[in-house]
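1. no FASTA, just this:
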């Protein structure tokens, strides 16, 4: 059997990988449920997450920034922003530093909807993490960051 064929690899590392994948799948299902409940596409939810992450990081979010984050062309990005704007979840605002630029802002309504749906999950997860000591937190952080790095490198 060739290396990497399903079933050949076993061990604690693969168990952790499969748990991570299960978490990702479950979270994706929750995103899809949230999207369906609020008349959105799953890509719209990903866009909101991208914009909220940019806001938290203090990064100006333009349509180009969002498109790059979602892997969409400009037409696809415009469609997402238009849908979110129609739903009152995102607004386009002129950049006060450069009036030629249009920034995307997540409206409070989107944050409230997101918190009402995902808040219990967030609270539960944070509650679990609050029981970890700093050494365990560092290990979780290191694992998740290196797993993310592995997923986002140009050459997998």
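-> Yep, that arrived. Please read all numbers here as calculations on a predicted model, not as lab measurements. Numbering: from 1, shown residues only.
2. buried sites along stretch 62-80?
-> Under the neighbour-count criterion of 16 or more other CB atoms under 10 Å, stretch 62-80 has 62, 63, 65, 66, 67, 69, 70, 72, 77, 80 buried. Heads up, the C-betas are built off the backbone N, CA and C, glycines and all.
3. Return the list of helices and strands in contact with the one helix or strand the third one maps to.
-> Secondary structure here is read from DSSP states H and E; on that basis residue 65 sits in helix 63-70. Contacting helix 63-70 under the criterion 3 or more CB pairs under 8 Å, 6 or more residues apart in numbering; DSSP states H and E are the following elements: helix 42-57, helix 74-86, strand 102-106.
4. Ok, which of those comes nearest residue 131?
-> Residue 131 sits nearest to helix 42-57 of all the helices and strands packed on helix 63-70, at 24.3 Å, using CB to CB.
5. Identify each buried residue in the closest one, please.
-> Of the residues in helix 42-57, 43, 44, 45, 46, 47, 48, 49, 50, 51, 54 count as buried by neighbour count, 16+ other CB under 10 Å.
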